[in-house]
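> Predicted model, plus sequence, below.
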2 protein chains.
Amino acid sequence: MSELPRVVILGGGFGGLYAAKALRRAPVRITMLDRRNYHLFQPLLYQVATAALNPSDIAYPIRSVVAHQKNTTVLLAEATAIDVQKKIVKLVDGEVAYDYLIVATGATHSYFNHPEWEPHAPGLKGVEDALEIRRRVLLAFEAAEREVDPDRQKAWLTFVIVGAGPTGAELAGALSEIARHTMIRDFRRIEPASARVIVIEGKERVLPTYSPDLSKKAEEQLRRLGVEVITNAIVTQIDDHDVFIGDKPIPTRTVLWAAGVQASPLARTLGVPLDRAGRVLVNDDLTLPGHPEVFVIGDLAAMRMPLPGVAQVAMQGGVHAARSIEGDLAGKPRQPFHYRDKGSLATIGRAAGVADLGRIHLSGFPAWFIWLTVHIFFLIGFRNRLLVFLQWAWAYVTYQRGARLITGDVEPVLRE
Amino acid sequence: MSELPRVVILGGGFGGLYAAKALRRAPVRITMLDRRNYHLFQPLLYQVATAALNPSDIAYPIRSVVAHQKNTTVLLAEATAIDVQKKIVKLVDGEVAYDYLIVATGATHSYFNHPEWEPHAPGLKGVEDALEIRRRVLLAFEAAEREVDPDRQKAWLTFVIVGAGPTGAELAGALSEIARHTMIRDFRRIEPASARVIVIEGKERVLPTYSPDLSKKAEEQLRRLGVEVITNAIVTQIDDHDVFIGDKPIPTRTVLWAAGVQASPLARTLGVPLDRAGRVLVNDDLTLPGHPEVFVIGDLAAMRMPLPGVAQVAMQGGVHAARSIEGDLAGKPRQPFHYRDKGSLATIGRAAGVADLGRIHLSGFPAWFIWLTVHIFFLIGFRNRLLVFLQWAWAYVTYQRGARLITGDVEPVLRE
């Protein structure tokens, strides 16, 4: 056993997990490192943020995923740096040596050189982010109900989402549904349906990575849900009372960040050229220039032909890295990575969404239905699939949301 | 409308909620105050702490419970004091006047004049407590897997529960099941089944409030589940490496507090005599001496004939307060509160538990099955009932636990 090459995988996201699973029969010793004990199904994270699902419905213990895979050890650990010369991953509390390394630590939010905006406009990457957004959204309605001053009340009932990509569109649609349906009967002093949901996009259309016809459909559906869509608009300032477009303020107490992402800081420790988003410029086979034993996959990798930051790219990249390692061990030559685009799906609200399936473009119910099916299919674990399906069915019928908990600190609002 | 008497209810627990519901047709204006936006089904909180259920499965928005009850307004607010002379409840940010007041703010942990133990031994009252306990328990196994020193590893795999009342027994049984079943296949370096689960009780038997025969049954079942039961043992010291019984240390990194409770501090602001646990000494009709318009119910009230701190007492107290107010408005005389004991149920693990149904005493599967049925019945909301039932069924078949997420800070362990 001690003769077998050591494969270290950094990150238990889609890329890392699919790499590990693809190597389950390979004659290697795999060590999987993540600072979380669970794999998170990020495409549904916005549903946790909008009180529709529980964190554990879309999270699964990494250990359990590979429990039957005897060649794999999972360790809760945080990598701080990578020494590609010594072939060592440095941890907060030690180091791990590798023969092959697969770096799949993904991306985090980018505030475009305005880190001071972060406390006012949380992004949506991890479970904690989602719960913080849920807390702020639900607290805003509670605060509005307690507020006597009409202007402050309006501000509490104004929700601004910066960025109209898939996440921004999903958040906007969900918030509008919460205000217009979920909350409708629950308050005595405010009219939740009077809440404004505003989504701000810097480019000229929503879902800019989609085709213009689907962007148009998406915007129509957003407006039909009561969302105010502002395009070609650059946010110049965010504080705890306003969002500024140019010098025009929008009074609001709840701003959500769905605009930029940047690669995980670990990339910087590789000592290789990065692109503007901090991603690693990799070879055609997803390896580090000069280091065929180091693979960089998913959101962390930048190929010559740019790829979207979606789960599919990470999954296929993970499998490619695994196959390349198996190929080496079998003395086969490396192959370049080819991404097979299986299409893009975005949901906007109940029975609303867009689907780009290559030649076929869908919107409305069919797109939404495909989105639903695909996402339940890709969820890990029968339990999660069943629970998510049931909660969606229940929510669809009742318009209610099952996770309307304000956890954490409520003081800031009570002291307002 | 403005002529109707104002009823203010403090606390959305079992007592407050049942009082509000019992007043739904009364000619009063009800204002319900809680610093949480949800009603928490505390009897199942230990299942959140042991990763079996999600917080939202056992929590329900207070607003939604009374959404159709037009005479009731719900406000997220924290009461800081009660002025029974001015008939005013003081809030963090204002005050609310009342004609009738129902105080149902419940109880919190008591560390027997050792507040310094709290950071080392979290108790189980709120959702945050449960998630903190879940975090520590799951982290302990992760830390053990990373630990090289055998003694430290043993300490990580030793779980001590202080107090063998219902909560202590439930936690002990669940932790033992996690170690012996749930985790069994997931680790490579440690043997989760070798974990020690120790429950320490100061009195001479477990479940001291139950009859001796049921205590005996409960202890047998705990031992069968692999739990070490220590009775007649007083904890003298708790730090972050040991629990001391007398001068004998038990090395452990995870201590859970299920021993003492004390009444919510709000009671002290009433300016009336309290008992040793800080509870209000109330009249036979649950009112404050000299203040027939102020009711104190649930864990906060101490009657001449002492009652257990269970949901049933709070529920019946809430209904009694409501009926008394309706009686006043109808010119009827006050009636004393009589508690109808419907029996006590405690679960210990899968197919294990005890039930005291008056003349009938049950243990094992029948007791556990009754416990299951009763708890699902009393859950609020069809969704919660269905989800809890399904997750229990799934857990019973697979021995898995669906909420194995470590959220929050993992650094302390990573830096160990």
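Perfect, thanks for sending it.
> What residues does the stretch 101-250 of chain A have near chain B?
Within the stretch 101-250 of chain A, the positions lying close to chain B (C-beta under 8 Å from any C-beta of the partner chain) are A:127-128, A:131, A:138-139, A:142-143, A:145-146, A:185-189. Every residue, glycine included, has its C-beta placed from N, CA and C.
> which stretches of the stretch 101-250 of chain A form strands?
A:107-110, A:158-162, A:196-200, A:227-230, A:235-238, A:242-245, A:248-251 (DSSP state E, counting those that start in this stretch).
> Quick check: which helices or strands does the third one pack against?
Under the contact definition 3 or more C-beta pairs under 8 Å, 6 or more residues apart in numbering or on different chains; DSSP states H and E, strand A:196-200 sits against strand A:158-162, helix A:166-177, strand A:227-230.
> So for that strand, mean pLDDT?
Averaging pLDDT along strand A:196-200 yields 98.
> how far off strand A:158-162 does that strand point, in degrees?
Here the directions of strand A:196-200 and strand A:158-162 differ by 20 degrees (axes from the mean of the first three to the mean of the last three C-alpha atoms, to 10 degrees).
> residues in contact with strand A:196-200?
In this structure, residues lying in contact with strand A:196-200 by C-beta atoms under 8 Å, 6 or more residues apart in numbering or on different chains are A:157-164, A:168-169, A:171-172, A:175-176, A:179, A:206, A:222, A:226-230, A:233, A:235, A:243, A:245, A:250, A:252.
> follow-up on the earlier one: put the buried members of the residues of the stretch 101-250 of chain A next to chain B into a ChimeraX selection.
Only the buried entries of these go into this ChimeraX selection, using 16 or more other C-beta atoms under 10 Å in any protein chain shown:
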select /A:127,131,138,139,142,143,145,146,186,187
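> got JSON lines for the residues of the stretch 101-250 of chain A next to chain B, with distance to A:Trp392 too?
Shown next, in JSON lines, are those (distance: C-beta to C-beta, whole Å):
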{"residue": "A:Val127", "distance to A:Trp392": "19"}
{"residue": "A:Glu128", "distance to A:Trp392": "24"}
{"residue": "A:Leu131", "distance to A:Trp392": "20"}
{"residue": "A:Leu138", "distance to A:Trp392": "20"}
{"residue": "A:Leu139", "distance to A:Trp392": "25"}
{"residue": "A:Glu142", "distance to A:Trp392": "26"}
{"residue": "A:Ala143", "distance to A:Trp392": "29"}
{"residue": "A:Glu145", "distance to A:Trp392": "28"}
{"residue": "A:Arg146", "distance to A:Trp392": "32"}
{"residue": "A:Arg185", "distance to A:Trp392": "21"}
{"residue": "A:Asp186", "distance to A:Trp392": "21"}
{"residue": "A:Phe187", "distance to A:Trp392": "25"}
{"residue": "A:Arg188", "distance to A:Trp392": "30"}
{"residue": "A:Arg189", "distance to A:Trp392": "31"}
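> circling back: buried subset of the contacts of strand A:196-200?
If we count by 16+ other C-beta under 10 Å, the contacts of strand A:196-200 have these buried: A:157-164, A:168-169, A:171-172, A:175-176, A:179, A:206, A:222, A:226-230, A:233, A:235, A:243, A:245, A:250, A:252.
> lowest-confidence stretch among the strands of the stretch 101-250 of chain A?
Among the strands of the stretch 101-250 of chain A, strand A:107-110 scores lowest, with a mean of 89.
> which neighbours does that one have in its sheet, and in what orientation?
In the sheet, strand A:107-110 lines up against strand A:260-263 (antiparallel) (DSSP bridges).
> what pLDDT, on average, does the strand it pairs with get?
87.
> The helix or strand following it packs against which elements?
Under the assignment DSSP states H and E, the closest C-terminal helix or strand after strand A:260-263 is strand A:280-281. In terms of contacts (3+ C-beta pairs under 8 Å, 6+ apart), strand A:280-281 is packed against strand A:301-302.
> Quick one: distance of the strand it packs on to the chain centre.
17 Å (C-alpha atoms, centre = their mean, to the nearest Å).
> Quick one: low-confidence residue ranges for chain A.
A:1-2, A:411-416 (pLDDT under 70).
> Thanks again, I'm all set now.
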